[in-house]
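Fold the following and give me the result.
(4 chains)
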2 protein chains.
Amino acid sequence: MSYHHGDLRREMVAAAAAAIAEQGPAGLSLRELARRAGVSHAAPAHHFGNKTGVLTAVATEGYTLLAAALDKAAPDGAAHGRQADDALLAAGLAYVGFAVGHPGHFAVMFDRLLLHDDAGLRAAEEKSAAALARVASDPEAGRAAWSVAHGFASLWLSGAISGPDAVAAAEPVLRRAAITGGPGAAGVSQPGGTPGTPSLPAPT
Amino acid sequence: MSYHHGDLRREMVAAAAAAIAEQGPAGLSLRELARRAGVSHAAPAHHFGNKTGVLTAVATEGYTLLAAALDKAAPDGAAHGRQADDALLAAGLAYVGFAVGHPGHFAVMFDRLLLHDDAGLRAAEEKSAAALARVASDPEAGRAAWSVAHGFASLWLSGAISGPDAVAAAEPVLRRAAITGGPGAAGVSQPGGTPGTPSLPAPT
DNA sequence: CTGGTATCTTGTCAATGTAAAGATCATCGC
DNA sequence: GCGATGATCTTTACATTGACAAGATACCAG
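Down below sits the predicted model:
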């Protein structure tokens, strides 16, 4: 084998995501990864530092993919006017579709013990946070929609909710948990709610 | 050191839940557990078989605790009539409260690779499923409410949503994602139908 | 008291993550 | 062309872990 593999990093991220999808983050073995790529057992360490680095790389790719999926499902202009709720629903379905389509990435993205000071991860996180904010009328509505979609996706991936098609099963649920129009719109909005908190992980 | 510890199994489940809360399921070390309990490194294997067995035991305890929390928050009689939505909200808040109060248990409960054929686990799962079904008007409403609460709790524990108090922060979100009354009720921009009429009473 | 069983220990092994130090290659200045 | 420099990968080594087998100890029924 030649020394330079050429595209080892990218290939390892993909292999890691696949392995995580099958056996969870704990079942990921750096040596197994190296074996499948045909390189020595210490090769991954060079690209990712350590195991957490691999998970961080997978999560970074995940946030980028998620941002793209959200943008595609609910393009910029659609977030205003009467179709705002439609856009939010479309984004929610795209969120679920991303989660079941990339279970390995999804399983890692919300892990508390990632390298949250990694610049690439932060940038990717902000991309998807921006995509979410773009379809939500206000931060609180964003959190609500995010919670529904994230919860359904998590429960589906864990097997707690099952069926033939995740997105099809999610649609009535997302409609049921209807996100009410805006702040102070129908529904029970809060007097003097605290608008403030950011929507992405702060370094705990 | 006397041979019989007395209450080793219970103590280890508690220690495991604490360790998982800090370092995640992957960071759990059976040998470290044994060390802290002052027993030999092979003692855990006798009680739990293997590492997955420990996680299964923690999850079982988690489901039991969750069922108790749900029952306490929304007792049996409250699920009918006009207070049905109140009961659902109370159950949702109790769900979030349980998750942030027992992060170690919660982190393991929805792991796909548990020993799902364990009799104790199955029984505990069904207890909490029954508690959920008791407060939901129909299965689909149950899935919707479950998704919202589960999603918010997961995002909170991951740090994606943060603030001073989880349950207080969850309340407006759960209200926002208002569970509409019955099957076929209004949702997000249903064609022609009555617009979403939130049925939750305003906070006093 | 005795046999049996549950509980725990000791010894061992392969696999893993991580680190240090060396080998190979690619690229750029000259 | 060519040598230096840095990136990529290997080799070697070590501590830790999960799992297994076999033995020691404590409790309990008869």
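
Can you give the contact residues for stretch A:140-150?
Outside stretch A:140-150, the residues within contact range by C-beta atoms under 8 Å, 6 or more residues apart in numbering or on different chains are A:88, A:91-93, A:95-96, A:110, A:132-133, A:135-136, A:170, A:173-174, A:177, A:179-180, A:182-183, A:193, A:195, A:199, B:144, B:147-149, B:151-152, B:154-155, B:160-161, B:172-173, B:176-177. From N, CA and C alone the C-beta is placed, and that goes for glycine too.

from the middle of its chain, how far away would that stretch be?
Centroid displacement of stretch A:140-150 relative to its chain, using C-alpha atoms, centre = their mean, to the nearest Å, is 13 Å.

Over to stretch A:127-139?
In terms of C-alpha atoms, centre = their mean, the centre of stretch A:127-139 is set 13 Å apart from its chain centre.

just stretch A:97-109 next, same as before
Mean C-alpha position of stretch A:97-109 versus that of the full chain (C-alpha atoms, centre = their mean) differs by 6 Å.

and it, how far apart are its ends?
Using C-alpha to C-alpha, to the nearest Å, one end of stretch A:97-109 lies 15 Å from the other.

Now, the contacts of stretch A:140-150 that are in helices?
When those are checked against helices (DSSP state H), the matches are A:88, A:91-93, A:95-96, A:132-133, A:135, A:170, A:173-174, B:144, B:147-149, B:151-152, B:154-155, B:172-173, B:176.

pretty sure A:Arg175 is touching A:Leu89, no?
Yes - A:Arg175 is in contact with A:Leu89 according to C-beta atoms under 8 Å; the separation is 7.0 Å.

okay, these two: which has more neighbours?
A:Leu89 (25 against 22; other C-beta atoms under 10 Å in any protein chain shown).

what's the spacing between that one and DNA strand C?
Counting by C-beta to the nearest atom of the strand, to the nearest Å, the gap from A:Leu89 to DNA strand C is 40 Å.

Quick check, that residue in contact with A:Arg176.
No - under the criterion of C-beta under 8 Å, A:Leu89 lies out of contact with A:Arg176, with a separation of 11.3 Å.

Once you drop chain neighbours, what's closest to A:Pro44?
Nearest non-adjacent residue to A:Pro44, counting by C-beta to C-beta, 6 or more residues apart in numbering or on different chains: A:Leu30, 4.6 Å away.

any idea how far A:Thr52 is from that neighbour?
11 Å (C-beta to C-beta, to the nearest Å).

who has more neighbours, those two?
Comparing A:Leu30 with A:Thr52 by other C-beta under 10 Å, the one with more neighbours is A:Leu30, at 19 against 16.

Tell me which residues touch the more buried one, please.
The neighbourhood of A:Leu30, defined by C-beta under 8 Å, 6+ apart, consists of A:His41, A:Pro44, A:Ala45, A:Lys51, A:Val54.
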